[in-house]
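>>> A predicted structure for the sequence below; I have some questions about it.
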Amino acid sequence: MRTSRNSVKFTVLAAQAFSDTKVQIEPSAAQTLETNIQQSAEFLTHVNIVPVDEQVGEAIGLGIGSTIAGTTDTTAKERETSDPIKLTKNSYHCQKTNYDTHLDYAKIDMWAKFTDFQTRIRDAIIRRQALDRIMIGFNGTHRADNSDRTKYPLLQDVNSGWLQKVRERAPEHVMGSETKDGATTAQPILVGKGQAYQNLDALVQDTVDTAIDPEYQDDTGLVVICGRKLLADKYFPLVNKDQDNSEKTGGRYHY
């Protein structure tokens, strides 16, 4: 069998091209850190976090935007399909968030007796990063050039959080405030005797009925995220009295 010079040259070029191609098998340090942060706080495992290559762009969400079940009398007409996919676009702008920490020599010396002290410190810092991310998600309203932890203890000035993005981009799904031209005005929702909502359960039911699109209202995966103080207001009167054993057991289950 004869091999032409051109074919040999092509083989060499192909081999060179393949050798220059880098195939990533192991996850990068950034990917590993991101995974560790998510796993260190159970709540973050339920939040979609998608790595991107570009600093600025559009994130395209893929979901089902309509019902798809139906019937057709095929003796009279052909079955018809429908496109159920709902694409939602959200622009994003990745901005740096610093997690700067240090340990002084006294603390390092104190921990030196533990052979795994570096792992313990790392895990504690990763846990704090996760909790800070959740705090920003619920409380963040803007990003300042220089954040002020004293003035904004809930990290409101580190970045715009999840709720702030909903206020700005989907105000029709927000109750309790109004956002116009980037400015949010509080419109408090009062719960209790003599108010529009007698209890939290009524507020939740109305929220599902009015602030969520109809196709999602009966989703069995819906959850309610409620502040600790609101739950205390609801359950404290129930537990702050003499109760028989069954009521005490029921009260524990509420928590």
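In hand now; what should we look at? Residues are numbered from 1 along each chain as shown.

>>> run a quick neighbour tally on residue 37.
When neighbours are defined as other C-beta atoms under 10 Å, residue 37 has 21 of them. Bear in mind the C-beta positions are built from the backbone N, C-alpha and C, glycine included.

>>> which non-adjacent residue is nearest it?
Of all residues beyond its chain neighbours, the one nearest residue 37 is residue 130 (4.9 Å), with distances taken as C-beta to C-beta, 6 or more residues apart in numbering.

>>> so what's that neighbour scoring on pLDDT?
On the pLDDT scale, residue 130 is placed at 90.

>>> which SSE is it in?
Taking DSSP states H and E as the definition, residue 130 sits inside helix 117-139.

>>> so residue 86, which of the three states?
For residue 86, the assignment made with DSSP: H, G, I helix; E, B strand; the rest coil gives strand.

>>> picking that back up, which ones are touching the residue nearest to residue 37?
With contact taken as C-beta atoms under 8 Å, 6 or more residues apart in numbering, residue 130 is in contact with 37-38, 40-41, 44.

>>> still on that earlier bit, buried residues, the helix holding residue 130. List them.
Using 16 or more other C-beta atoms under 10 Å as the burial criterion, the residues of helix 117-139 that qualify are 121, 126, 129-130, 132-137, 139.

>>> and the residues you listed as CSV, adding distance to residue 115?
Putting the buried residues of helix 117-139 into CSV (distance: C-beta to C-beta, whole Å) gives the following:
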residue, distance to residue 115
121, 13
126, 19
129, 24
130, 25
132, 28
133, 30
134, 31
135, 33
136, 34
137, 36
139, 38
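
>>> nearest to residue 69, of the residues you listed?
Within the buried residues of helix 117-139, the smallest distance to residue 69 is 35.1 Å, found for residue 137 (C-beta to C-beta).

>>> give the contact list for the closest one.
Applying C-beta under 8 Å, 6+ apart, we find residue 137 in contact with 47, 161-163.
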